[in-house]
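> A predicted structure for the sequence below; I have some questions about it.
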Amino acid sequence: MTKFTFVSAIAALMTISAVAQDRLVVPQESANGARIQTNQRTVSHQNQIVARGGVSAINVAYSDDFSQPNDTTSLKARGYLPYYRGTGPQGTGATWFQGNPTVFAAYNGAADAYVAANYQVVTNMNDIDSWLVTPAMNISAGDVISFYCRTQAGSIWPDSVRVMYSAAGDSTPEGLTWVELGRFQAYDQAWEQKIYTVAAAGATARFAIRYAVIEGGPNGNNSNFIGIDQLDIYTPQAVDGQLYAMDNIPSGCGLSATTPVTVTLKNNGGSAISGFSVGFMVDNGTPVNETFTGSIASNATASYTFTGTADLSAPGAHTVTAFITLPSDGNPLNDTLSTSVTNIAPAVITTTAYTEGFESTVVGATPPVGWTTEDTDGDGANWDFSNALPNNGTMCARIGFAGSAVSNAENWLITPCLDLTAGTNYVLEYWYKSYDDTQTSYELESRFGNAAVGSAMTNNIAVDPLYADSSYHLASHTFTVPSSGVYYVGFNGFGAAPQVSLRLDDASLAVSTGINDNTIENKVSVYPNPASDFLYVTAKLKGESTLVIYNNLGQEVMKYSYNEPFKVQLDVQSLAKGVYTVKINNADGVVINKFVKQ
């Protein structure tokens, strides 16, 4: 991927993902990595679509996209001066080093194309003070230093950064002319742009980025891992307004014709801006044009909620595009931002099951279209989606470990909207399991309500047994709704101080016919047929069942017993080629299937 430059500005949407854990872990040390944590900080401003880049300049004094190697030797070769000024002896980590894509990927370009620093630069619980001094350059008063910074997603350690400037061009931290331009705590959910303006000119001026943390290090509580990317030092345009962010409009059922639209406006220019046009349109329709009457200082932002609203009432996908029009704007490339939203029609439930196996998801926190998650207890752990240990296919839903401090866990995974009819019996089925059988798992309950939030899940369906094993178990529940309308079904991972994760997979909802769906033959499936390596048998039977496989001579070759609904993978590689019979005996009857072993 081409790295960002001022000449070719691009806007990138930053995705937010959570990092969950299957069990309580002990933090491990890594010279160039981030810490492993047992909890996560709660995300605050995560519901915005944020445009990145697009800042234009009259003159660029210095620019580095960190696409070149960023080890100590390479940084010095480009004119940087890295300095260790922490207390105590230096630890196992370098002062500044090449970005680590296993912690997070670069702002743009190759995944490791950023410069990083971490808690391992000092020993024990010493203070961190890692300087990255820039090459000398000619700076005018009013020039700007801009860069992007972040820390590990969900990090609970308050990594802090200070930005320094020496108009005289001091080349060591001990220089007497350094002044602080600002300090901040690194953001954990995305790359965040930081911009600072200098007041004094200097023909050989230098800047410095300092990773500065009190009581950091492996035994401290304040440091983890930071990255720095896309460093630019420039003379800003006199006038440069930016449509910086748009509040996310979540997809869902029954979106209205009066949906509010809120944007964040930013002033990248050298002087205040006010009295300019802002607008939006839906699906390239008639624009809604209004005037921002406030004033935004240089490098500041302002939120604006339109008086007009967006009509998203038609089912289907919509695109909302917001824009600004600023006279004499020196950089029109950053004046527009769009977001996509889908108005989902309610799923009509019939005798044909509505199913969700989570196969459309990828590893991370983004649910299938129309599904929502809610970290009701605010502990930082929520439902996510994993490719480890699915019941079927390659993906499953998972509620991760929340830490021992949570006494009343509550975390919701909620379906899209469902069109349900009063007086109809609905059958809800799903498979669930604990991560292992040695520690306390989350418990699982299902409810339904009239909105996709945990507080609306006021109608009980069932609380499922907490099994002391790590096998998948089938839950099958019948329920009715009090009146016809649109409902949502919610799965709540709850419990007192759970220590391992809970998985849910292969959920289905269908109308109960009361006849065919209760026959024993419809509760058993055997696949694939023919089979060469493994045979899968699923039986939604209650009570004790016996499964026996016979060869074509009637000889018993396999036999198993189960005490509840089961799904098993049978290794048939050692069986000779031919036709085999699968016989399942249960109190409800006998089911016989045949399969061919290839």
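Great, that's in hand.

> can we go C-alpha only for contacts and neighbour counts from here?
OK.

> just for the chain, where's the confidence low?
Residues of the chain that meet the criterion pLDDT under 70 lie in 1-30, 35-57, 401-407, 514-518.

> show me what contacts Lys583?
When contacts are counted by C-alpha atoms under 8 Å, 6 or more residues apart in numbering, Lys583 touches 547-549, 590-593.

> now with 6 Å?
Residues in contact with Lys583 (C-alpha atoms under 6 Å, 6 or more residues apart in numbering) are 547-548, 591-592.

> who does the helix or strand containing it pair up with?
Secondary structure assignment for Lys583, by DSSP states H and E: strand 578-586. Next to strand 578-586 in the sheet, as set by DSSP bridges, lie strand 545-550 (antiparallel), strand 589-597 (antiparallel).

> please identify the buried residues of that strand?
580-584, 586 (16 or more other C-alpha atoms under 10 Å).

> burial measure for Gln215, as a count.
Just to correct that, residue 215 is Glu rather than Gln. When neighbours are defined as other C-alpha atoms under 10 Å, Glu215 has 18 of them.

> what about it, which SS state?
Of the three states, Glu215 takes coil under DSSP: H, G, I helix; E, B strand; the rest coil.

> ok, Tyr550 touching Leu575?
No: using C-alpha atoms under 6 Å, Tyr550 is not in contact with Leu575, being 10.7 Å away.

> with neighbour numbers in mind, choose between these two.
Tyr550 (17 against 14).

> is that one bridged to anything, and to what?
Glu556, Thr581.

> what sits against it?
Residues in contact with Tyr550 (C-alpha under 6 Å, 6+ apart) are 556-557, 580-581.

> list just the nearest of those to Lys523.
Thr581 (17.3 Å; C-alpha to C-alpha).

> separation between Lys583 and Gly91?
64 Å (C-alpha to C-alpha, to the nearest Å).

> if we can go back for a sec, restrict the strand holding Lys583 to CA atoms and write it as PDB.
The C-alpha coordinates for strand 578-586 follow below in PDB (Å, rounded to 0.1, in the frame of the first residue of the first chain):
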ATOM      1  CA  GLY A 578     -18.200 -50.200   2.100                       C
ATOM      2  CA  VAL A 579     -21.700 -49.500   3.400                       C
ATOM      3  CA  TYR A 580     -22.300 -49.100   7.100                       C
ATOM      4  CA  THR A 581     -25.400 -48.700   9.300                       C
ATOM      5  CA  VAL A 582     -25.700 -46.100  12.000                       C
ATOM      6  CA  LYS A 583     -28.300 -47.100  14.700                       C
ATOM      7  CA  ILE A 584     -29.400 -44.700  17.500                       C
ATOM      8  CA  ASN A 585     -31.500 -46.100  20.300                       C
ATOM      9  CA  ASN A 586     -33.400 -43.700  22.600                       C
END
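
> could you list the domains of this structure?
65-185+198-227, 241-344, 348-516, 520-597 (automatic domain parsing).

> including distance to Asn59, could the ones you listed go into CSV?
Shown next, in CSV, are the domains of the chain (distance: least, C-alpha to C-alpha, whole Å):
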stretch, distance to Asn59
domain 65-185+198-227, 9
domain 241-344, 13
domain 348-516, 41
domain 520-597, 66
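
> so which of those domains is nearest Thr235?
Thr235 sits nearest to domain 65-185+198-227 of all those, at 4.6 Å, using C-alpha to C-alpha.

> pick the one among the contacts of Tyr550 closest to Ser441.
Scanning these for proximity to Ser441, where the rule is C-alpha to C-alpha, the winner is Val557, at 36.4 Å.

> quick one, what contacts the closest one?
549-550.

> try 8 Å this time
548-551.

> quick one: closest of the strands paired with strand 578-586 to Trp412.
Across those, closest to Trp412 is strand 545-550 (C-alpha to C-alpha), at 33.5 Å.

> flag every buried residue along the closest one.
545, 547-550.

> end-to-end on stretch 206-220?
Note: stretch 206-220 ends 31 Å apart using C-alpha to C-alpha.

> in it, what's buried?
By neighbour count on 16+ other C-alpha under 10 Å, the buried set for stretch 206-220 is 206-218, 220.

> got phi/psi on Asn387?
Torsion angles at Asn387 (phi, psi; degrees, to the nearest 10) stand at phi -100, psi 10.

> can you give me the strands for the stretch 451-598 of the chain?
459-463, 473-479, 485-495, 502-511, 524-527, 534-539, 545-550, 556-562, 566-571, 578-586, 589-597 (DSSP state E, counting those that start in this stretch).

> no, scratch that, I was asking about the stretch 251-400 of the chain
Counting by DSSP E, counting those that start in this stretch, residue ranges of the strands within the stretch 251-400 of the chain are 252-253, 262-267, 273-282, 288-296, 301-305, 316-325, 336-344, 347-348, 354-356, 372-374, 383-386, 396-399.

> now the third one and strand 336-344, what's the angle there?
Looking back up the chat, that one is strand 273-282. 30 degrees (axes from the mean of the first three to the mean of the last three C-alpha atoms, to 10 degrees).
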